Every structure is written in structure tokens, then in C-alpha cells.
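J.: sequence isn't available, so here's the structure alone:
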């Protein structure tokens, strides 16, 4: 996935009100950009370091610029825009990069399912295979050379795990897919120290037959693309 038009850059000043961030440009001026990440962004905020942002030409947007990438003091890159995870996953599935999810005839997005009023991120169907329900999570929290999800307590994420277990019980295939948008993360684990209930549900889900996969994004200031699988520690 190429960033088009090319991303612009500046220095992070601060993130605030959850959806906003102030950035200083090269000429010293400051702008406010949209932060498309509803999480805590733990270990993803580094004031004074370089950020890259996209710019929309939609005149109706109050904040035309969207934060895309954060550079860490160790020169690692973090994909801030969690909304890109689904598009990256879809692109990788269709290209056959995620071998475990290859060979289905049809891919659908945001399909209603389950008993808790959910929408599945991706549904793969084929007349010769069981339907495959894929829940996608963007992983950006790095601690001690390991990636963790979630970065804050997530009752919504817990609901999604319950829904996936129900699909397996109905004879369907269910997959929890972590998209790692951090160039310094090579292994992923449920964050039991942040959300023990989610971590416990992950174990229950695996025992029930839910598959857990993790794939790493090859991220630069010009391109974002899923290329490599990551180890999952459960």
C-alpha cells in the first residue's frame, strides 16, 4: 500500500482529547492533526520525534491532516492509524501473503454476526470450505521486545472473542488476526498485565478452536505492506 499523495512530516508536540495531536512543521509553524487511534497509545507517544501525516483535500474536514506514523527514539516506526489494519489485512489475504487464509472464493467486510450485535472485520466464504470469520486487531504496544494487545482494558475486544468462540461452536472457522504496525515487534502476546480478562478469554478461545495469527507490517514513510508472520505467545 503506497501512501498517495506522499506523507508530510513534522515533530510531535502532544496528543490530547484522544483524537487530536499538535505537530510542529519544519518552518516552525504548528498544526493540529486528527489522531485515528482510540487506544491509550501506550509507548507510542514520543514528543519531539518525527511524525508523518496524510492530507485530505475534502473541504468539509475540520482537520484535513491525519496522523499515520510515529518514529521512536530508536528509529523504529509505528503505524498510528489503526483503521489501516483492516485494509492491509484484506490486501495481504487477496495477494496470498497470509498463507493460512488463502484459497477462499469471496471476501466480505463488516458483516453482521453473532449474538452480541457485532460486525466481523472480514468474512471469507467458499462453497467447498467452512465460512471463516476474521477479527483484526492492530498491535503497536512494545514492551521488553514483545508486542502486546490490548494497550488498555477492552470490553469490546472481549466481546469479539466470545463471538468467535460461538462461530467455532457452530462449525465455522474463526481467526483472531493481529496486524503488527511496529517495526520493532517480532512476537505478540495477550497483555495479561493490562487486561487479564482479555488474556484469559484468549486462552479459552484457543482451547475452543479459535486460531490466533500475527503478521508484521513492513512500514516506511512511503509504503505500508504486510510481509512476515510473527510468533504468537499464548
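T.: Nice, I can see it. Only a predicted model underlies this, so the values are computations on that prediction, with no experimental measurement involved. Numbers count the residues shown, from 1 in each chain.
J.: what number of residues lie near residue 234?
T.: As a burial measure, residue 234 scores 12 neighbours (other Cβ atoms under 10 Å). Placement of C-beta: from N, CA and C, glycine included.
J.: also residue 227?
T.: By the measure other Cβ under 10 Å, the count of residues near residue 227 is 10.
J.: for the one 4 residues further on, same thing?
T.: Counted with other Cβ under 10 Å, residues neighbouring residue 231 total 11.
J.: tell me the contacts of it?
T.: 186, 187, 188, 214 (Cβ atoms under 8 Å, 6 or more residues apart in numbering).
J.: which residues touch the third one?
T.: Each residue near residue 188 by Cβ under 8 Å, 6+ apart is listed here: 139, 146, 147, 148, 149, 178, 180, 214, 230, 231, 232, 233.
J.: are any of the residues you listed buried, and which?
T.: With burial judged by 16 or more other Cβ atoms under 10 Å, the buried subset of the contacts of residue 188 is 139, 147, 148, 149, 178, 180, 214, 230, 232.
J.: give me the element the residue nearest to residue 39 when sequence neighbours are not counted is part of.
T.: With Cβ to Cβ, 6 or more residues apart in numbering as the criterion, residue 39 has its nearest non-adjacent residue at 4.9 Å, and that residue is residue 151. Using DSSP states H and E, residue 151 sits in no helix or strand.
J.: likewise for the one 10 residues further on?
T.: Residue 161 is part of helix 155-169 when elements are defined by DSSP H and E.
J.: average pLDDT for that helix, rounded please.
T.: For helix 155-169, mean pLDDT is 97.
J.: re the thing from before, isn't the residue nearest to residue 39 right up against residue 194?
T.: Yes. Counting by Cβ atoms under 8 Å, residue 151 touches residue 194, with 6.6 Å between them.
J.: picking that back up, in CSV, list the contacts of residue 231 along with distance to residue 104 and secondary structure.
T.: Below are those laid out as CSV (distance: Cβ to Cβ, whole Å; DSSP: H, G, I helix; E, B strand; the rest coil):
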residue, distance to residue 104, secondary structure
186, 28, coil
187, 27, strand
188, 24, strand
214, 20, strand
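J.: tabulate those residues (a markdown table), appending pLDDT and distance to residue 11.
T.: As requested, the contacts of residue 231 are exported to a markdown table (pLDDT from 0 to 100; distance: Cβ to Cβ, whole Å):
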| residue | pLDDT | distance to residue 11 |
| --- | --- | --- |
| 186 | 96 | 28 |
| 187 | 97 | 31 |
| 188 | 98 | 29 |
| 214 | 98 | 31 |
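J.: buried residues, the helix or strand containing residue 121. List them.
T.: According to DSSP H and E, residue 121 maps onto strand 118-126. Buried positions in strand 118-126, judged by neighbour count with 16+ other Cβ under 10 Å: 118, 120, 121, 122, 123, 124.
J.: ok, these vs residue 29, which is closest?
T.: Residue 29 lies nearest to residue 121 out of those, by Cβ to Cβ, at 38.0 Å.
J.: phi, psi for the nearest residue to the closest one once chain neighbours are set aside please.
T.: Leaving out its chain neighbours, the residue that sits closest to residue 121 by Cβ to Cβ, 6+ apart is residue 136, at 4.4 Å. Taking degrees, to the nearest 10, you get phi -110, psi 130 for the backbone angles of residue 136.
J.: next one: residue 136 from residue 213, what distance?
T.: According to Cβ to Cβ, to the nearest Å, residue 136 and residue 213 sit 10 Å apart.
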